[in-house]
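Peer 1: Provided below for reference: sequence and predicted model.
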Amino acid sequence: MDLSNYLKIGLRWWWLVVLSVALSATASYFYSQSLPKVYAARTTLLVGSNIVENPNPDLREFGSITTLASMYGELAKRKLIAQAVIDKLGLDFTSEQLSEMIETNVIPTAQLLEVFVLDIHPQRAQILANTIAEELILQSPTGAVERQERDKFIQDQLADLQVKIQQTDQRLKELEASMEGLASAVEIAEAQLKLSELESLKTDYQNSYNVFLSNISEADINRLSIFEPATEPVIPVAPNIKVNVAVAAAAGLALAITAVILLEFFSDTVSWQHGETQSILGVAVLGGVSRLSSSAGPIVPFDKLWSPEINALRSVRDSIFLATKGQPLRTLLVTSAKSGEGKSFLSTNLSVITAAPGSSLGSVIAVPGSKVILVDADLRKPSLHATFDMPNLLGLADILAMPEIMIENMLKKALKPTQINNLLLLPAGRNPHDPGSLVNSPTFLSLLEALKAQADLVIIDSGPVSEVIETKVIANAVDGVILVVSDGRSRRRLVKRVVDYFQHKPEVNFLGIVFNRVSVARGYGYGYSGYYAKTSKLGKGETKKPSFLKKLWPFTKSHHAEITRLNLIEAADYLGITPEMAKRWCEQGRLPAVKRGRHWFVSLDDLNEFMNVFQNSGSAESNKTFSGTNFRPQMARRARQNNLSRS
């Protein structure tokens, strides 16, 4: 798999990555905000003698001091110290709970031991930190009463020995001075003996002094003192919202990437990279198209005729006719395995591309310019009338419900010109109760022949083959069938089931597969919602009756006014379009309506006049009158004439 495929996977699943990161970061942020703020109070202890006050520090002692500091740090978190602090302050804590709140840190280069207390109450944290330091000092040799008494004894002995040494020195000086005046040998010998005794005594005093001084030095190493007491903390140390959000976002990213890898590895979808090998599931791949930008709408814009998207549509069109291997292709069925694959998008734009100027079908149909009829055979969920912005009044379902002898007359009324030259639309008509039986009738075959007599190519947009039966019937009657699949979305097993069905039907000319959405992450399509459109509960010409309270209310309009005015939903049902489409027509002035507050109302007379103009629009010029700004003045003139005739 090359870099482009990885990029394609990233574009397909970018929403999952963004969603996972956003949800993780957001959840972490709000969770961190809900946590209580934790404060840290710090007391700093000095281990050993103060190096600043010692003019001759022994650097060899630093190793022992660091070891002692670590030992005192561990001692601070033990039960002995914790229980002593609890008893002293009268806290409602256990020694284990207090120990979990204590942290220590040794700074070996400065003979310092830091004691931290983490608490949600800053003042209590300060008190606990200072009290723990005091208890450490009391539990150390520095704080023992016996140790203090011994240190006092040593200091007293040192002072006494120093006095004795000084006195001995003085006696030695006096004895040496007196020996100069002695003449007899006996006196000199006695003086020398006395001098030797004094020097020996001085040596003993000096040795004792050194021993006591050594004991004091050893005590200075194992000494604790408060170097910096704790102050009340102001800034909390936890929770660290920025760090928590960053970690959660990274975890969400890792989780999303893992999910994408698993989804791609176990994916049962059909992907376009396989289509680049010219075949998939044993059938030809006729090409791939991508959805146009949302601003362009569902129909190809003429200002982008040479864009890559349009060229892709042309390539698909040419591949379809090449797949016929020289056989005439007059009727083409465009279907899909399930709803939402983009078959209506492809059938619409194939019709536009084929009917556009300069789009002759060449050797396949020797006609200079192609006349195309687009048939909306999706009788359960029609949509092409909305694509071309026209009502769904009379169409395929209405023609199939009539006898064969009336096909030509009905077809003249039902076929509607579009804004594309050489392209006519046969809408689906009103939703029938049993679409399958209508299509599976001789009338449909006769209608198909009548359509071929009026066009070079008939493109039929039908429902998903796995969801409706009429698509299989239509496939047996047309010259070619193409299957639209969505890149990275269509299930391989479902597509294979449809392909196998077509391949095992000798009467079906299955041309191949066309991929949709090959260059965008989000797809195009519509939801079928049980694959049945919402039908109107009102019959043609019927309106809702006013309620009993409205009849009694003296300020309402007359009963005649109520039954001749329709609201927006009723007008949309009357025209066979969606309420959104009817609202847009009202706002554009295309459909005569009156707005009261936030609601639109349409006169039944104006609505019937609107339908008559549309029903009689049998040419492109009359269709322009219907869809343009000339329609409303025409309606107004006829309304004035009707009012004059009534008066």
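Peer 2: On my side now, so go ahead.

Peer 1: Moving C-terminal from the helix or strand hosting residue 203, which element do we reach first?
Peer 2: Using DSSP states H and E, residue 203 falls within helix 185-221. Helices and strands here follow DSSP H and E; after helix 185-221, the next one along the chain is strand 224-228.

Peer 1: For that next one, name the packing helices and strands.
Peer 2: Packed against strand 224-228 by the contact rule (3 or more C-beta pairs under 8 Å, 6 or more residues apart in numbering; DSSP states H and E) you find strand 39-47, helix 122-139. C-beta coordinates here come from the backbone N, C-alpha and C atoms, glycine included.

Peer 1: Using JSON lines, please lay out the ones you listed together with mean neighbour count.
Peer 2: Formatted as JSON lines, those follow (neighbours: other C-beta atoms under 10 Å):
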{"stretch": "strand 39-47", "mean neighbour count": "22"}
{"stretch": "helix 122-139", "mean neighbour count": "20"}
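
Peer 1: Format the ones you listed as CSV; extra columns: mean pLDDT and distance to residue 405.
Peer 2: Listed next are the helices and strands packed on strand 224-228 as CSV, based on pLDDT from 0 to 100; distance: least, C-beta to C-beta, whole Å:
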stretch, mean pLDDT, distance to residue 405
strand 39-47, 92, 93
helix 122-139, 90, 96
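
Peer 1: which stretch among those comes nearest residue 507?
Peer 2: Minimum separation from residue 507 across the helices and strands packed on strand 224-228 (C-beta to C-beta) falls at strand 39-47, 82.7 Å.

Peer 1: and the closest one, how far from the chain's centre?
Peer 2: Put simply, strand 39-47 sits 45 Å off its chain's centre (C-alpha atoms, centre = their mean, to the nearest Å).

Peer 1: can you check stretch 164-179 too?
Peer 2: For stretch 164-179, the distance to the chain centre is 97 Å (C-alpha atoms, centre = their mean).

Peer 1: Could I get the buried residue list for it?
Peer 2: Going by neighbour count (16 or more other C-beta atoms under 10 Å), the buried part of stretch 164-179 is 164, 165, 168, 172, 175.

Peer 1: right, and out of those residues, which lies closest to residue 382?
Peer 2: Nearest to residue 382 among those is residue 165, at 121.1 Å by C-beta to C-beta.

Peer 1: what helix or strand does that closest one sit in?
Peer 2: Here residue 165 is assigned to helix 145-178, by DSSP H and E.

Peer 1: Just the C-alphas of stretch 430-448, formatted as PDB.
Peer 2: Taking C-alpha atoms only, stretch 430-448 is exported to PDB below (Å, rounded to 0.1, in the frame of the first residue of the first chain):
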ATOM      1  CA  ARG A 430     -47.600   9.800  -7.200                       C
ATOM      2  CA  ASN A 431     -46.500   6.900  -5.000                       C
ATOM      3  CA  PRO A 432     -48.400   3.700  -6.000                       C
ATOM      4  CA  HIS A 433     -49.500   1.100  -3.500                       C
ATOM      5  CA  ASP A 434     -47.900  -1.800  -5.500                       C
ATOM      6  CA  PRO A 435     -44.900  -0.600  -7.600                       C
ATOM      7  CA  GLY A 436     -43.800  -4.100  -8.400                       C
ATOM      8  CA  SER A 437     -47.000  -5.000 -10.200                       C
ATOM      9  CA  LEU A 438     -47.100  -1.800 -12.200                       C
ATOM     10  CA  VAL A 439     -43.600  -2.400 -13.600                       C
ATOM     11  CA  ASN A 440     -44.100  -6.100 -14.200                       C
ATOM     12  CA  SER A 441     -46.700  -5.500 -16.800                       C
ATOM     13  CA  PRO A 442     -46.900  -5.300 -20.600                       C
ATOM     14  CA  THR A 443     -47.600  -1.600 -20.300                       C
ATOM     15  CA  PHE A 444     -44.100  -1.000 -19.000                       C
ATOM     16  CA  LEU A 445     -42.600  -2.600 -22.100                       C
ATOM     17  CA  SER A 446     -44.800  -0.600 -24.400                       C
ATOM     18  CA  LEU A 447     -43.800   2.600 -22.500                       C
ATOM     19  CA  LEU A 448     -40.200   1.700 -22.900                       C
END
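
Peer 1: can you list contacts of it?
Peer 2: With C-beta atoms under 8 Å, 6 or more residues apart in numbering as the test, stretch 430-448 has contacts from 331, 377, 379-380, 382, 392, 395-404, 407, 411, 458, 468-470, 473-474, 477-478, 532-533, 535, 576.

Peer 1: Looking at the helices and strands packed on strand 224-228, which is nearest to residue 286?
Peer 2: Nearest of those (C-beta to C-beta): strand 39-47, 69.1 Å.

Peer 1: Can you list the helices and strands that that closest one packs against?
Peer 2: helix 62-76, strand 112-119, helix 122-139, strand 224-228.

Peer 1: Contacts for the last one, please.
Peer 2: With contacts defined as C-beta under 8 Å, 6+ apart, strand 224-228 is touched by 42-47, 50, 72, 112-113, 130, 133-134, 136-137, 140, 142-143.

Peer 1: and with 10 Å instead?
Peer 2: 42-50, 68-69, 72, 110-114, 130, 133-134, 136-143 (C-beta atoms under 10 Å, 6 or more residues apart in numbering).

Peer 1: For that strand, buried residues please.
Peer 2: For strand 224-228, burial by neighbour count (16+ other C-beta under 10 Å) applies to 224, 227.

Peer 1: mind listing what that strand pairs with, with the direction of each?
Peer 2: Here strand 224-228 is paired, per DSSP bridges, with strand 39-47 (antiparallel).

Peer 1: Only C-alpha atoms, please: export the partner strand in CSV.
Peer 2: Only the C-alpha atoms of strand 39-47 are listed here, as CSV (Å, rounded to 0.1, in the frame of the first residue of the first chain):
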residue,chain,number,x,y,z
TYR,A,39,-2.2,22.5,47.4
ALA,A,40,1.4,21.6,48.4
ALA,A,41,3.1,23.0,51.5
ARG,A,42,6.9,22.6,51.8
THR,A,43,9.2,22.6,54.8
THR,A,44,13.0,22.4,54.2
LEU,A,45,15.2,20.7,56.8
LEU,A,46,19.0,21.1,57.1
VAL,A,47,20.9,17.8,57.7
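
Peer 1: Done for today, thanks.
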